[in-house]
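> need a structure here:
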Amino acid sequence: MSIPQSGGGPIERHEQLAQYLADGCKPKSDWRIGTEHEKFGYCKDTLLPLPYEGKRSIRAMLEGLRDAHGWAEIREGGHIIGLEKGGANISLEPGGQLELSGAPVETIHETCDEVNTHLREVKDVADRIGAGFIGLGAAPVWTHEQMDMMPKGRYKLMNEYMGKVGTMGRVMMRRTCTVQVNLDFASEADMVQKLRVAIALQPVAVALFSNSPFFEGKLNGHKSWRSRVWRDLDAARTGMVPFVFEEGFGFERWVEYALDVPMYFVYRNGEYIDALGQSFRDFLKGELPALPGETPTLSDWADHLTTLFPEARIKRFIEMRGADGGPWRRLCALPAFWVGMMYEQGPLDAAWDLVKGWDAETREALRVAASVDGLAAEVAGVKLLDVAREAVAISRAGLEERARAGAGGMIPDETHFLNALQESVESGKAPADELIDRYHGDWDGDLDRIYADYSY
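From the prediction side, this is the model:
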């Protein structure tokens with residue numbers, strides 16, 4: 001989840017809302033890659049989730065990273081709730097999932113180095129306190145009651161609201177994890193093309209990265225239970241946003257969508273003020289019940305944009321949001337997959353050619369089918385494995401064209417980061433398929449085995 005935004009002045013004209021998004025436009029030379037990933041922490045002896053307090057806890061993890069690895073703490077209400085260093089942040093999801101929001105970097109080599117350094121630091125601290133961390137899309141065994149709610153005001157408000165607008169919002173908050181990448185755009189037209197490709201191909205990402213076939217100790221009938229959860233969370237702020245594909249779509253249309261999404265909060269003086277279900281349109285008029293007579297700042301607008309949860313979204317960059325959390329190879333493969341398609345024009349055009357014939361019903365049906373059947377999904381003659389194979393090939397061509405060398409020039413480009421995905425499109429199997437095979441095979445139905453075999 002995002003941290004509070006800052007630095008925005010008063011909103012005096014409606015045009016500022018779209019301009020805020022447009023100010024994210026950058027020349028290609030300034031495009032960067034920001035990777036975020038979440039993982040579950042647990043106590044090694046009991047295999048139960050880490051609580052917030054105690055000797056083996058989320059708080060102990062944050063303090064250990066602060067003291068041993070040079071991170072600066074972030075506090076809210078007297079509680080340590082995050083860390084920052086060198087443009088990166090470590091934050092907490094509602095159920096204690098530990099998230100790295102990486103610094104903006106130029107190459108996949110750098111983002112993967114960052115991921116590896118972070119996981120080494122996490123393991124160092126976790127080993128000292130008897131904890132472990134695992135990358136999965138959903139908690140395989142734990143119940144809602146076993147997972148502490150983290151002491152953040154935003155989450156308290158969201159927890160209250162989620163029970164009113166869907167059936168799975170609280171499951172998402174406590175018991176799911178993702179990996180995502182944030183990418184730049186050059187212009188409004190570039191944003192439109194990239195966002196359309198991103199939305200249309202999220203089902204491919206769901207399938208390739210599917211890694212949550214278990215829930216509450218048993219098979220759940222889905223390759224990506226996390227994706228299933230997001231389908232019944234809050235219809236006002238989730239989904240495949242079909243208006244993105246309509247003629248004339250641009251920054252202003254996204255603004256209108258965002259203004260129609262009910263608010264969660266306003267952040268003032270370190271406190272989250274309850275604005276649940278209220279309207280940002282009323283806020284613009286000085287008629288917000290939570291703050292009568294007050295009008296918003298651009299920081300309030302930036303905060304509100306973080307409460308929209310479609311499969312891909314725009315702020316001052318584009319976020320790809322469809323993938324389950326997973327093993328370290330997949331944490332590096334996700335940014336490689338999207339950068340290869342998005343950061344060179346030829347591959348971007350090829351990716352658009354791949355999906356431009358799909359209508360809204362097909363895109364939504366693929367999203368549903370991907371969560372259930374993964375790479376075996378098929379909708380109206382569209383076989384997701386075939387699309388995934390083509391998408392990975394397009395991405396590989398894009399990374400070859402980028403030709404960003406690593407290891408001091410020893411590695412000529414970033415294509416090797418796609419190797420895990422190449423294996424999937426050749427075998428037809430994603431991580432979820434491997435987990436199911438293990439469950440029916442050498443684990444003999446014992447899900448406790450997942451922790452020893454799949455932890456970082």
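
> which residue ranges of the stretch 101-250 of the chain form helices?
Ranges of helices in the stretch 101-250 of the chain, per DSSP state H, counting those that start in this stretch, are 108-129, 153-165, 169-175, 188-208, 225-230.

> and the stretch 301-450 of the chain, by the same measure?
Using DSSP H, counting those that start in this stretch, the helices of the stretch 301-450 of the chain run over 328-342, 345-355, 360-373, 384-402, 419-427, 431-440, 449-454.

> including mean pLDDT, mean neighbour count and distance to Glu93, could those helices go into TSV?
To be clear about C-beta, it is placed using only N, CA and C from the backbone, and glycine gets the same treatment. As requested, the helices of the stretch 301-450 of the chain are exported to TSV (pLDDT from 0 to 100; neighbours: other C-beta atoms under 10 Å; distance: least, C-beta to C-beta, whole Å):
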stretch	mean pLDDT	mean neighbour count	distance to Glu93
helix 328-342	97	26	16
helix 345-355	98	18	30
helix 360-373	98	20	20
helix 384-402	98	21	28
helix 419-427	98	18	24
helix 431-440	98	19	20
helix 449-454	97	15	19
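
> identify whichever of these lies nearest to Leu305.
Leu305 sits nearest to helix 328-342 of all the helices of the stretch 301-450 of the chain, at 20.0 Å, using C-beta to C-beta.

> how far is that closest one from where the chain is centred?
Centroid separation for helix 328-342 versus its chain: 13 Å, with C-alpha atoms, centre = their mean, to the nearest Å.

> related to what we said a few turns ago, between the helices of the stretch 301-450 of the chain, which one is nearest to Gly96?
Nearest to Gly96, of all those, is helix 449-454, at 15.8 Å by C-beta to C-beta.

> who's in contact with that closest one?
Outside helix 449-454, the residues within contact range by C-beta atoms under 8 Å, 6 or more residues apart in numbering are 42, 44, 47, 132, 134-136, 140, 214, 327, 435, 438, 442-443.

> does anything pack onto the strand ranked longest in the chain? Which helices or strands?
Longest strand in the chain, counting residues (DSSP state E): strand 33-43. Counting contacts by 3 or more C-beta pairs under 8 Å, 6 or more residues apart in numbering; DSSP states H and E, strand 33-43 packs against strand 98-101, helix 108-129, strand 131-134, strand 178-183, helix 328-342.

> against which helices or strands is the following helix or strand past it packed?
Per DSSP states H and E, the first helix or strand lying C-terminal to strand 33-43 is helix 58-69. Judged by 3+ C-beta pairs under 8 Å, 6+ apart, helix 58-69 is in contact with strand 72-76, strand 79-85, strand 88-92, helix 108-129.

> highest mean neighbour count out of these?
Highest mean neighbour count of the helices and strands packed on helix 58-69: strand 88-92, a mean of 22 (counted as mean count of other C-beta atoms under 10 Å).

> quick one: strands adjacent to that one?
With DSSP bridges as the test, strand 88-92 is paired with strand 79-85 (antiparallel), strand 98-101 (antiparallel).

> for it, what is the distance to the chain centroid?
13 Å.

> next, the angle from that strand to helix 153-165.
Per axes from the mean of the first three to the mean of the last three C-alpha atoms, to 10 degrees, the angle that strand 88-92 makes with helix 153-165 is 50 degrees.

> so Met240 touches Phe309, yeah?
No: in this structure, Met240 is not within contact of Phe309 by C-beta atoms under 8 Å, at 11.9 Å.

> hmm, Leu308 is touching Arg237, no?
Yes: counting by C-beta under 8 Å, Leu308 does reach Arg237; the two are 5.2 Å apart.

> tell me the residues that contact both of the two, please.
Counting by C-beta under 8 Å, 6+ apart, the contacts common to Leu308 and Arg237 are Val261.

> nearest to Ser210, of the strands paired with strand 88-92?
Across the strands paired with strand 88-92, Ser210 has its closest neighbour in strand 98-101 (20.0 Å, C-beta to C-beta).

> the closest one - what's its average pLDDT?
Averaged across strand 98-101, pLDDT comes to 98.

> residue ranges of the strands in the stretch 201-350 of the chain, please?
214-215, 218-219, 238-239, 265-268, 271-274, 309-310, 312-314, 318-324 (DSSP state E, counting those that start in this stretch).

> among the ones you listed, which is the most enclosed?
Comparing those by mean neighbour count (mean count of other C-beta under 10 Å), strand 318-324 ranks first with a mean of 26.

> give me phi/psi at Ala377?
phi -70, psi 140 (degrees, to the nearest 10).

> distance of it from Asn116?
32 Å (C-beta to C-beta, to the nearest Å).

> also Leu92?
21 Å.

> before we move on, what about Pro94?
Note on Pro94: its distance to Asn116, by C-beta to C-beta, is 27 Å.
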